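**Student:** return atomic coordinates for the entry below.
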Amino acid sequence: MKKADIPNVTGARTRWAVAVVVLLACLTCLPLTLAVGSRTSSGGHLNDTSESTRAERLLERDFSMGSSQFQLALRSVRPATQGDITAAGRRLVAEVAASEGVVYAQSWWNTSDARLPSRDGHAALVTVRLRGTDAVAERRASELTDRFAGRRPPFDVTATGRAAVNADLAERSRGELIRTDLSPAA
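**Tutor:** Numbers count the residues shown, from 1 in each chain. Next up, the predicted model:
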């Protein structure tokens, strides 16, 4: 019998052993990833050129109430100054302000500051200050985004701001970590 005709049993066993070890390592790391991932923070990375950051600096400087970590951009088809739109805007701002973990919610509707509505008058910014550490603010921003963002007649509501962006990035990172832990070794 030639050497080429003898099956390579050792190589097959080694590959299976490595696959089993990798699988066990992944299964061991998964609970740790799930436990630690919920306690992580974005580390406070902030893009200084983003619109939300520029708006945040302006609002912090002019309102002197501390930085708002979260903003809601409300856009309607009709001008924000029309009676029913104004009433809906005030109700939404009051609802945001009454939410758990919110220090304040400010908008054109409750401050009359001419810089908070858009130039075309169809959109307004709601700035929100959140209680707690960055990690707590990110969790709260995620909850507020789920609760308020989307179509809320008469507005289309978009969530933004440092805490909302960092919460989204942290969630995506956790998802990637979990997928990486569950994926077979390449």
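**Student:** and stretch 71-81, average pLDDT?
**Tutor:** Mean pLDDT, computed over stretch 71-81, is 90.
**Student:** make residue 1 into 55 and carry on from there
**Tutor:** Okay, using 55 as the starting number, the last item reads as stretch 125-135.
**Student:** what's it in contact with?
**Tutor:** 106, 109-110, 139-140, 143, 146, 150, 161-163, 171-172, 175-182, 198, 202-203, 208-215, 218 (CB atoms under 8 Å, 6 or more residues apart in numbering). Every residue, glycine included, has its C-beta placed from N, CA and C.
**Student:** buried sites along it?
**Tutor:** With burial defined by 16 or more other CB atoms under 10 Å, the residues of stretch 125-135 counted as buried are 125-128, 130, 134.
**Student:** keep only those of these that are in strands.
**Tutor:** Judged by DSSP state E, strands contain the following of these: 125-128.
**Student:** now the strands for the chain?
**Tutor:** In the chain, the strands defined using DSSP E lie at 124-129, 156-160, 177-184, 204-206, 209-214.
**Student:** against which helices or strands is the third one packed?
**Tutor:** Contact here means 3 or more CB pairs under 8 Å, 6 or more residues apart in numbering; DSSP states H and E; on that basis strand 177-184 packs against helix 105-117, strand 124-129, helix 137-151, strand 156-160, helix 162-165, helix 188-202.
**Student:** how about that strand as CSV, C-alpha atoms only?
**Tutor:** C-alpha atoms of strand 177-184 as CSV (Å, rounded to 0.1, in the frame of the first residue of the first chain):
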residue,chain,number,x,y,z
ALA,A,177,-39.9,72.2,11.8
ALA,A,178,-38.8,72.8,15.4
LEU,A,179,-36.2,71.3,17.6
VAL,A,180,-36.9,69.9,21.1
THR,A,181,-33.8,69.8,23.2
VAL,A,182,-33.8,67.4,26.2
ARG,A,183,-31.5,67.2,29.1
LEU,A,184,-31.3,63.7,30.7
